[in-house]
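Colleague: Fold the following and give me the result.
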Amino acid sequence: MGRLGTAYLRGLQAIGRRLDYGTNAFDREWDVLVVLDACRADLLCSVAPEFDFLDRVETVRSVGSSSSEWLENTFLDRPETARTVMATGNTWTDRYLDADAFAALDEVWKYAWDDAIGTVPAAAITDRAVTLARDRDPDRLVVHYMQPHHPFVPDPLDGDDGLARTGSHSNEGNPWVLLRRGDVSVERVWRAYEANLRHVLPEVATLVDNVDGRVAVTADHGNCFGEWGLYGHPMHTPVPALLAVPWAEATGVDRGTLDPELEPPEPLPVSRVHGETDERERLEALGYL
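Modeller: Okay, the predicted model is just below:
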């Protein structure tokens, strides 16, 4: 991006930092929140008819134009997080979330990364989410899949280096750089992006069949494909293509069709949901346990 483009983006971001965006997900009704990373509302609308578990797809306004911004604006200083369990493949969590603020924060990306595809497999997120739902019985469960965010697993692009393994930086080899340079067409990237959404939705269907409650399917942010002269998803950027995200609902019923096998290398902290741990600590202090 040249100097003029950089100045333009910084001007937009200066405006974005002063704006309130959308409605916090905690202010909506759900038991399980499925987050499809970087999924535009129009993308999910286009493929939803192929998946029976999805009800009508609405468009809502996100609270961030990037994952880091969405994480801060969704979870920071929200008392609900103390009764919320999260399974996530998003690598920004260790910089923008406080694990102690959650009933449990399972950063699946830290131990289930697949170097061959350059991201966290969707099935790993499903496995951990189902285990957490059954073992922890949380008030609310957040399940953050990395797809359809690049790398595009079923239809990879030449020149896409995959995700950075830490949230501290981004790889230069990504579809948005390729698009900006004119090395690849919008149609080619959109086709791969759409295939990646179709790749993850069967995993979401499996999740819906193995958890109980009201399941909402949304995204943290969208992607720009040249709208307003931008590509990808820069933070603090109040552009409709980034802030318009889907909201669809499904009814989850645990039919026991999945027997999860993935386990973290170290046990997650004991949940404090419903005060169970507080009560145990009190009894131990009194010498009863």
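Colleague: Can you identify each of the helices in the stretch 101-250 of the chain by residue range?
Modeller: Applying DSSP state H, counting those that start in this stretch to the stretch 101-250 of the chain gives helices spanning 122-136, 175-181, 186-208, 240-243.
Colleague: And these: which comes nearest Val47?
Modeller: When these are compared by C-beta to C-beta, helix 186-208 sits nearest Val47, at 5.8 Å. (Each C-beta comes from the backbone N, C-alpha and C, glycine too.)
Colleague: Does anything pack onto the closest one? Which helices or strands?
Modeller: Packing partners of helix 186-208 (3 or more C-beta pairs under 8 Å, 6 or more residues apart in numbering; DSSP states H and E): strand 32-36, helix 41-47, helix 122-136, strand 140-145, helix 175-181, strand 213-218, strand 224-225, strand 244-252.
Colleague: of all the helices of the stretch 101-250 of the chain, which lies closest to Gly22?
Modeller: helix 240-243 (6.5 Å).
Colleague: got the buried residues for the closest one?
Modeller: Using 16 or more other C-beta atoms under 10 Å as the test for burial, helix 240-243 gives Ala241, Leu242, Leu243.
Colleague: related to what we said a few turns ago, got the helices and strands packed on helix 186-208 as JSON lines, with distance to Arg61, mean neighbour count and mean pLDDT columns?
Modeller: Formatted as JSON lines, the helices and strands packed on helix 186-208 follow (distance: least, C-beta to C-beta, whole Å; neighbours: other C-beta atoms under 10 Å; pLDDT from 0 to 100):
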{"stretch": "strand 32-36", "distance to Arg61": "15", "mean neighbour count": "26", "mean pLDDT": "98"}
{"stretch": "helix 41-47", "distance to Arg61": "10", "mean neighbour count": "19", "mean pLDDT": "97"}
{"stretch": "helix 122-136", "distance to Arg61": "25", "mean neighbour count": "23", "mean pLDDT": "98"}
{"stretch": "strand 140-145", "distance to Arg61": "19", "mean neighbour count": "26", "mean pLDDT": "98"}
{"stretch": "helix 175-181", "distance to Arg61": "22", "mean neighbour count": "18", "mean pLDDT": "93"}
{"stretch": "strand 213-218", "distance to Arg61": "11", "mean neighbour count": "22", "mean pLDDT": "98"}
{"stretch": "strand 224-225", "distance to Arg61": "16", "mean neighbour count": "20", "mean pLDDT": "95"}
{"stretch": "strand 244-252", "distance to Arg61": "7", "mean neighbour count": "21", "mean pLDDT": "97"}
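Colleague: any chance of those in a markdown table, plus distance to Glu107?
Modeller: Formatted as a markdown table, the helices and strands packed on helix 186-208 follow (distance: least, C-beta to C-beta, whole Å):
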| stretch | distance to Glu107 |
| --- | --- |
| strand 32-36 | 14 |
| helix 41-47 | 25 |
| helix 122-136 | 10 |
| strand 140-145 | 10 |
| helix 175-181 | 25 |
| strand 213-218 | 20 |
| strand 224-225 | 27 |
| strand 244-252 | 22 |
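Colleague: closest one to Phe53 among those?
Modeller: Closest to Phe53 of the helices and strands packed on helix 186-208, according to C-beta to C-beta: strand 244-252, at 4.7 Å.
Colleague: thought Gly159 was touching Val184?
Modeller: Yes. Using C-beta atoms under 8 Å, Gly159 is in contact with Val184, at 7.4 Å.
Colleague: Need the residues touching each of those two.
Modeller: With contacts taken as C-beta atoms under 8 Å, 6 or more residues apart in numbering, the residues that reach both Gly159 and Val184 are Leu178.
Colleague: Looking at the two, which one has more neighbours?
Modeller: Per other C-beta atoms under 10 Å, whichever of Gly159 and Val184 has more neighbours is Val184, with 17 against 14.
Colleague: Which residues are in contact with that one?
Modeller: By C-beta under 8 Å, 6+ apart, the neighbours of Val184 are Leu157, Gly159, Pro175, Leu178.
Colleague: Name the helix or strand of this protein that has the lowest mean pLDDT.
Modeller: helix 276-285 (a mean of 43; mean pLDDT, DSSP states H and E).
Colleague: confidence score at Thr257?
Modeller: Looking at Thr257, its pLDDT reads 98.
Colleague: what's the neighbour count on it?
Modeller: Thr257 is flanked by 9 other residues according to other C-beta under 10 Å.
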